[in-house]
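**Q** A predicted structure for the sequence below; I have some questions about it.
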Amino acid sequence: MTRLAEVNIMKENINHIKSFRIEAKKLGPHVLLAAGVHGDEYEPMLTALELINELPHILISGSVTIVPVVNVTAYQVSSRYGEDNLDLARICPGKPDGSTSEKNAFEISELIKESDYLIDMHTGGLAHYIHPMAGFTLHPSPEILDKQRELALAYNTPVIWGTDHHPNGRTLSVARDANIPAIYLEYGGGSGIRKEVVKTYKKGFINVLKYLKMAEGEAEITAPEKRFWVEDPRPDSGYFQGKMPAPSDGIFVCEKTAGEPIKKGELFGRIIDPFTGNATAIFADVEGMVLSVRISVHVKKGDALGSILPIVGPGKVIIDTF
């Protein structure tokens, strides 16, 4: 029914990305699944490898291209950043003759432009833990935006988050400019491997294939009114690294967990200076649900400590910018 074609775009340099294409005999959409844009996000890489083995037995139409590791040197140095200290999620579409991260950014951008849909899998890396969510940019095209909402729904994560479409340098901005529906996934983070993240990501992707009629069976989609769904068009609304910046250096002791409710003014955590014993309390500036928390406890001034989604119960909230 299907065949697996290893599309190895490595030339002489081992730092070029490697992709795998699974093709069914019947024509259909072409979906690109990316992992390892950041080198310290391991569950998406494992998800990608499992799907490479399983999709030849599942796919009935169309094709899927899978990239297990997008930023090769970021993985090699176990970091969000490549060996050139660049964040690939800020430099797309990259440069074919640039540094290693810029070359990888160029290569994944070219694959994006060849696809019909993009799904980019992430975690919170070593620094953050994120409640399971599917996100997308609030694309200016209503048609593309609706398709992105449908992809996010098909992943069956408890949180759906639509954010400002203007930021550039992302895989999603490459897709935006090419009018390709795209979503990104966030779940988990920290040291060790969380098998539930791999299971959720794999199950969600197969459900998306069912929704696109690329795999047998009916897609199971949790009702929208049961999701925590926020659409926030404010500038940089989806920028995790800018959320709740630490006011000082120290040891961060978080008092909350991702997914739980929080009230405005409630204690989120404390930063303790180990040299003086002084503690700085961090309070929630909005009521809502804790979306992410910092789990790398040694923080520098300006480091993101967590994020709060401005929603208090299941349903859909649209942030009014007027």
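**A** Perfect, I can see it now.
**Q** where are the low-confidence patches of this protein?
**A** For the chain, applying pLDDT under 70 flags the ranges 1-13, 322.
**Q** ok, longest helix in it?
**A** Longest helix in the chain by number of residues (criterion: DSSP state H): helix 195-211.
**Q** Return the alpha-carbon coordinates of that one using PDB.
**A** Provided in PDB are the C-alpha atoms of helix 195-211 (Å, rounded to 0.1, in the frame of the first residue of the first chain):
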ATOM      1  CA  LYS A 195       6.700   8.600  27.200                       C
ATOM      2  CA  GLU A 196       3.200  10.200  27.400                       C
ATOM      3  CA  VAL A 197       4.400  13.000  25.200                       C
ATOM      4  CA  VAL A 198       5.500  10.500  22.500                       C
ATOM      5  CA  LYS A 199       2.200   8.600  22.800                       C
ATOM      6  CA  THR A 200       0.200  11.800  22.600                       C
ATOM      7  CA  TYR A 201       2.100  13.200  19.600                       C
ATOM      8  CA  LYS A 202       1.900  10.000  17.700                       C
ATOM      9  CA  LYS A 203      -1.700   9.400  18.300                       C
ATOM     10  CA  GLY A 204      -2.500  13.000  17.400                       C
ATOM     11  CA  PHE A 205      -0.600  12.800  14.100                       C
ATOM     12  CA  ILE A 206      -2.400   9.600  13.100                       C
ATOM     13  CA  ASN A 207      -5.700  11.200  14.000                       C
ATOM     14  CA  VAL A 208      -4.800  14.200  11.700                       C
ATOM     15  CA  LEU A 209      -4.100  11.700   8.900                       C
ATOM     16  CA  LYS A 210      -7.500  10.200   9.400                       C
ATOM     17  CA  TYR A 211      -9.100  13.700   9.300                       C
END
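**Q** Just the buried residues of that helix, please?
**A** By neighbour count with 16 or more other Cβ atoms under 10 Å, helix 195-211 contains the buried residues 197-198, 200-202, 204-211. Just so you know, the C-beta spots here come from the backbone N, C-alpha and C atoms, and that holds for glycine as well.
**Q** between the residues you listed, which is nearest residue 232?
**A** Taking Cβ to Cβ as the measure, residue 232 lies nearest residue 204 of the buried residues of helix 195-211, at 22.4 Å.
**Q** and the residue lying closest to that closest one once chain neighbours are set aside, how many neighbours does it have?
**A** Counting by Cβ to Cβ, 6 or more residues apart in numbering, residue 204 lies nearest to residue 155, which is 3.9 Å off, once chain neighbours are set aside. Neighbour count for residue 155, taken as other Cβ atoms under 10 Å: 23.
**Q** Tell me the spacing between residue 155 and residue 30.
**A** Distance, residue 155 to residue 30, using Cβ to Cβ, to the nearest Å: 18 Å.
**Q** what do you get for residue 112?
**A** In terms of Cβ to Cβ, residue 112 sits 11 Å off from residue 30.
**Q** between the two, which one's more packed in?
**A** With neighbours defined as other Cβ under 10 Å, residue 112 and residue 30 compare such that residue 112 has more, 25 against 18.
**Q** these two touch, right, that one and residue 171?
**A** Yes: in this structure, residue 112 is within contact of residue 171 by Cβ atoms under 8 Å, at 6.2 Å.
**Q** Mutual contacts of those two, please.
**A** Listed contacts common to residue 112 and residue 171 are 118, 182; contacts here mean Cβ atoms under 8 Å, 6 or more residues apart in numbering.
**Q** buried stuff in stretch 58-76?
**A** Neighbour counts over stretch 58-76 (16+ other Cβ under 10 Å) mark 58-75 as buried.
**Q** Run a quick neighbour tally on residue 193.
**A** Look at residue 193: counted by other Cβ under 10 Å, it has 12 neighbours.
**Q** circling back to that earlier point, give me the contact list for the very next helix or strand once past the longest helix of the chain.
**A** Sequence order places strand 228-232 as the next helix or strand after helix 195-211, per DSSP states H and E. Contact with strand 228-232 is made by 138, 158-164, 238, 289, 309-311, 313-319, as judged by Cβ under 8 Å, 6+ apart.
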